[in-house]
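Asker: Mind looking at a prediction? Sequence and model below.
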Amino acid sequence: MTGLSIHAVDAATGRAAEGLRVRVLTVGARGAVIAEGEIGADGTLAHPIVRTRLAVGLYEVAFDIGDFIGEAGGDFLDMASIRFRITNPASHCHLPLKFTAFGIALFRGC
């Protein structure tokens, strides 16, 4: 399986982060948004990038946590973003995000 999958859970409620806005960008001189959308009821980003072979390179995923949490977050987190590198276009990269109003945990899953 190739591509990139994103899963997000609001750890404070234990629920999928349905409605959380996400953007995936290429990084570099010709950086561009290659995917954007909202996390669905199942906690994943439903976008064709899930089945797309990503080229070797540097990418960034940005989560609009501040807008998702709203006033409950006390204005601490606004956006969480992480840059990651694809070295093998044939492999699948899964990025599960767990977050609260005050912190995040994101790692590469299998």
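Answerer: Noted; the coordinates are in hand.

Asker: All the helices of the protein, in order from the start?
Answerer: 65-69 (DSSP state H).

Asker: Find the residue ranges of it scoring beneath the pLDDT cut-off.
Answerer: Within the chain, the segments meeting pLDDT under 70 span 1, 71-74, 110.

Asker: what about the residue nearest to residue 88 when sequence neighbours are not counted, neighbour count?
Answerer: Excluding its sequence neighbours, the residue lying closest to residue 88 (C-beta to C-beta, 6 or more residues apart in numbering) is residue 56, at 7.8 Å. Glycine gets a C-beta too; all of them are placed from N, C-alpha and C. Look at residue 56: counted by other C-beta atoms under 10 Å, it has 9 neighbours.

Asker: For residue 56, give me phi and psi.
Answerer: Main-chain dihedrals, residue 56, degrees, to the nearest 10: phi -60, psi 130.

Asker: List the contacts of it.
Answerer: Residue 56 is in contact with 86, 87, 88, 89, counting by C-beta atoms under 8 Å, 6 or more residues apart in numbering.

Asker: now that we have those, which one has the most neighbours?
Answerer: Highest neighbour count within the contacts of residue 56: residue 86, with 16 neighbours (other C-beta under 10 Å).

Asker: residues in contact with that one?
Answerer: 54, 55, 56, 57, 59, 93.

Asker: Can you tell me which of those end up in strands?
Answerer: Counting by DSSP state E, the part of the contacts of residue 86 found in strands is 57, 59, 93.

Asker: you'd agree the last one is up against residue 54?
Answerer: Read that as residue 93. Yes - contact criterion C-beta atoms under 8 Å: residue 93 and residue 54 qualify, at 7.4 Å.

Asker: which neighbours do those two share?
Answerer: 3, 4, 86.

Asker: Residues in a beta bridge with residue 104, which ones?
Answerer: Following DSSP bridges, residue 104 is listed with bridge partners residue 99.

Asker: So it sits against residue 98, correct?
Answerer: Yes - the pair residue 104 and residue 98 qualifies as a contact (C-beta under 8 Å) at a distance of 7.2 Å.
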